[in-house]
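Novice: predicted model and sequence below, questions to follow.
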There are 2 protein chains.
Amino acid sequence: VPVLRDGSGALNPVRLVEAARDGEPLPEGALEAFLEAYRRGGEGVEDYHVAAFLMAVVFRGLAPGDLSRLVRAMLGSGVRLDLSHLPGPRVDKHSTGGVGDKASLPLAPLVAEGGLFVPMMAGRGLGHTGGTVDKLESIRGYRTDLELDEFVSVVETVGCSIVGQTEEIAALDRRLYALRSVTGTVPSIPLVAASIMSKKLAEDLTGLVLDVKVGRGAFFPEEARALELARTMVGIGGDHGVATSALLTSMERPLGRAVGNALEVAEAVACLRGEGPGDLRDLVLTLAGEMFRIGGIVPDARVGRERAEQLLDGGGPLGRFRRMVDRHGGDPRIVDDPGRLPAAPVVREVRAEAPGRVLAVDPLSLGRGVVELGGGRTRLDQDIDPSVGFVLHVVPGDDVAPGDLLGRVHAASEPDARRGETVLRAAVEVGPSGAEVEPRPLVGRRVAAGEPVDRPASRPGPTGS
Amino acid sequence: VPVLRDGSGALNPVRLVEAARDGEPLPEGALEAFLEAYRRGGEGVEDYHVAAFLMAVVFRGLAPGDLSRLVRAMLGSGVRLDLSHLPGPRVDKHSTGGVGDKASLPLAPLVAEGGLFVPMMAGRGLGHTGGTVDKLESIRGYRTDLELDEFVSVVETVGCSIVGQTEEIAALDRRLYALRSVTGTVPSIPLVAASIMSKKLAEDLTGLVLDVKVGRGAFFPEEARALELARTMVGIGGDHGVATSALLTSMERPLGRAVGNALEVAEAVACLRGEGPGDLRDLVLTLAGEMFRIGGIVPDARVGRERAEQLLDGGGPLGRFRRMVDRHGGDPRIVDDPGRLPAAPVVREVRAEAPGRVLAVDPLSLGRGVVELGGGRTRLDQDIDPSVGFVLHVVPGDDVAPGDLLGRVHAASEPDARRGETVLRAAVEVGPSGAEVEPRPLVGRRVAAGEPVDRPASRPGPTGS
């Protein structure tokens, strides 16, 4: 009995949905035909067929062969760059989404400084997580919507460029992503992996490093699921001939101190100056070291990290970031004067009311808090306020006395600032003074094709102050 | 955080789908609002939301409270009969669908003969299973689409009437059923239970007996799942004040010898004459006994069965069936002369080629075979040929010698008949002569509200010859 085509040879989308529901292997060509008919429209594959299919995949997963077909279908539905003329390795980084994660901003120019090319197509904020594109757009004039030829030109001359995803890349993914966001079918490892990898593979990379978040602020908080996502994406990269590795990194608390678009750009610039929070610097150096390794310019990630540290402290990446901003039409003076970034009219200090030790800082509630303050979206078509957010002054393990500063709320109005204070107070969990705070390493396991899962070069223990 | 309504109080269907996906309890009123908005249309709940919701329910099930709300929403979406003026218990029977199951045809007049009223709204064939409405329509002139007042009038005067489901009953169920059939979301216990019970509860019954099929020809072949379905439906009936019980009955092989619409009507008439296959008679008497018990006119099912046997052998039910056919516009002469039923032009005998013992007769392939011969549907809008099908001459346990008749194929053409022969040969599994054939009781466990699951009065061991 043919699973997908009826007696007349016509596509039977119901049989495909049933097969996905029952975890049966899909016959050769079936998934491609289903997806292609959906993308084109008017060919008998409707939103409701695909919605049911996606929900079945949420519960059942996809067999490796079908996942590979899904990625190919997405990749084949849009434009793919050809960057083979560039005189060096093309390596990108992708994060699965966190709170306060501005690592891409210092990382791209740092890695370019090391001789790699970084053609980075980034995303906007999603749910409680921020997006690199939104952060960059807080720099007045910065265009994240360069034409593809402009984008390639900036990569050629500056070594790195960060833009948003264009309509031309992975068109099927855009269609599926929109449907997933309204049908409760976002949290699926194969669907997330296919969506990320189809966009990254379109960048014509030679290497890719994935920052897979784990912990309460991540989309997949449990380590086992994050690890499965990492392995799935690394496998897809390998299938397509792109050297891919993944680092599991902690999203138990926000990365760095700043959460909110312009506030994070300022912190990213500080990092490029050799200043700023230690955990951000640690993550940037670790990722850069891994990208240098994947790019083949250092023998291992430890040497890569040392190289990255030398480069960052040499100041070259800061200049390269300034040039990138300039080439994108942004105001390069923000690099030397972060006061030129959009500033919120109300800044409210939040101080400790009782003595104690900071046990945890919840990234999820702070990420949601930024959305509430107007710095993130609940619908795709919303404008955001780049100036709002939080700057933390404590990290887990810090002891506080009454009156000590816990953090600041940057808000558009006094009422917003008061609501922000409530969010910040709830996010900063203060316990008894002598309480033990378990150290959580920022960088966890590394997953790379053909290698045992292992620990990369990273400073041990908690960092961030 | 409200699960279903956003800040503006508008329904958020995505949150409801997510809650169903995660097995979270749905807030009061949420499911009703979602379903009602879907039924009305244009209120932001689209087919794709509901498709994703239904697939989530396939995997996650529904909490008892939500199932109850689903049934109420379905029931509230259509007309409900008021039969309270009838001077006796109103009891119906519903089967979850089998192959060769024509039990409703003798059962309705038999039970009416005992003093119960049977307002039966039946279904059409679905997948490999036959439908009572299709069977009755093989009687020339028989109208299964009576207006509701005509239907009530036949029930009043004859004691029983069998019609199809009208558009007016459980309108939401019709909408959901159509979507389920094209999104692979049919096999879900709560969805099946809600669909069946919403239609049966609209009949204004005092009692309901469910024939829940189990075995390879059933929609839920495994006993554990069939039992869960039975318990779910019995629970819904009890919630709505309708005395409900369920019998698990075997669908390991076709019921009786005939499979195909007109062929089954002839066999049903034979049963009303006290003739025909023993397994059909056994099931009809058992169900009638249970209906008498549920209707409160006998102390227990064993006494009920004895009463049914006396009534059937008295011949009254045959006359009542004739009157029902007549009142529906059908040709009552088929009762005395089944040769007046539509007959297939080609009848092909299929004979054993080697000696052996019949080990099994597969209902699934024979049911699908009838569809292939044109006697069932693959789309809801198809016409069917009432004359085609199979008549078996052997049952499991029979010994056959070369040349012995296994069965006959009734087909529209010689090529169809040859294909039918292939189906029949594959369905009748013949093994070594001395092989053991495990007896499978036709009637298994009984499920009734507030009673332990137990075995009803039924003859033990295999029957059917």
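Specialist: Looks like it arrived, so ask away.
Novice: work out for me the element A:R408 sits within.
Specialist: Assessed by DSSP states H and E, A:R408 sits inside strand A:405-411.
Novice: can you tell me if the very next helix or strand once past that strand touches chain B.
Specialist: Proceeding N to C from strand A:405-411, the next assigned helix or strand is helix A:414-427, under DSSP H and E. No: Helix A:414-427 does not reach chain B (Cβ under 8 Å from any Cβ of the partner chain); its nearest approach is 13.0 Å. Placement of C-beta: from N, CA and C, glycine included.
Novice: where does pLDDT dip in chain A?
Specialist: Within chain A, the stretches with pLDDT under 70 are A:1-11, A:378-381, A:450-465.
Novice: so where do the strands sit in it?
Specialist: A:91-95, A:118-122, A:160-164, A:207-214, A:243-250, A:258-259, A:346-351, A:356-361, A:389-392, A:399-400, A:405-411, A:428-431, A:443-448 (DSSP state E).
Novice: and stretch A:240-258, which residues are buried?
Specialist: A:240, A:242-258 (16 or more other Cβ atoms under 10 Å in any protein chain shown).
Novice: returning to what we had before: angle of the strand holding A:R408 against strand A:356-361?
Specialist: Put simply, strand A:405-411 runs at 50 degrees to strand A:356-361, going by axes from the mean of the first three to the mean of the last three Cα atoms, to 10 degrees.
Novice: identify each buried residue in strand A:405-411, please.
Specialist: Buried, per 16+ other Cβ under 10 Å, within strand A:405-411: A:406-411.
Novice: nearest to chain B, of these?
Specialist: A:A411 (17.8 Å; Cβ to the nearest Cβ).
Novice: wait, the closest one touches A:V391, no?
Specialist: No: contact criterion Cβ atoms under 8 Å: A:A411 and A:V391 do not qualify, at 12.0 Å.
Novice: which of the strands of chain A sits most buried?
Specialist: Among the strands of chain A, ranked by average contacts under mean count of other Cβ atoms under 10 Å in any protein chain shown, first place goes to strand A:258-259 (a mean of 30).
Novice: picking that back up, the buried residues of stretch A:240-258 also near chain B: which ones?
Specialist: Within the buried residues of stretch A:240-258, nothing lies near chain B by Cβ under 8 Å from any Cβ.
Novice: which members of the buried residues of strand A:405-411 additionally contact chain B?
Specialist: Within the buried residues of strand A:405-411, nothing lies near chain B by Cβ under 8 Å from any Cβ.
Novice: report the two of these separated the most.
Specialist: A:L406 and A:A411 (15.7 Å; Cβ to Cβ).
Novice: what about the residue lying closest to A:F292 once chain neighbours are set aside, how many neighbours?
Specialist: Nearest-residue entry for A:F292: A:G304, 3.5 Å, with adjacent residues in sequence omitted and distances by Cβ to Cβ, 6 or more residues apart in numbering or on different chains. A:G304: 27 surrounding residues under other Cβ atoms under 10 Å in any protein chain shown.
Novice: separation between A:G304 and B:V437?
Specialist: 72 Å (Cβ to Cβ, to the nearest Å).
Novice: again, but for A:A108
Specialist: 74 Å.
Novice: looking at these two, which is more packed in?
Specialist: Neighbours were counted for A:A108 and for B:V437 using other Cβ under 10 Å; A:A108 has more, 30 against 15.
Novice: fine by me, thanks again.
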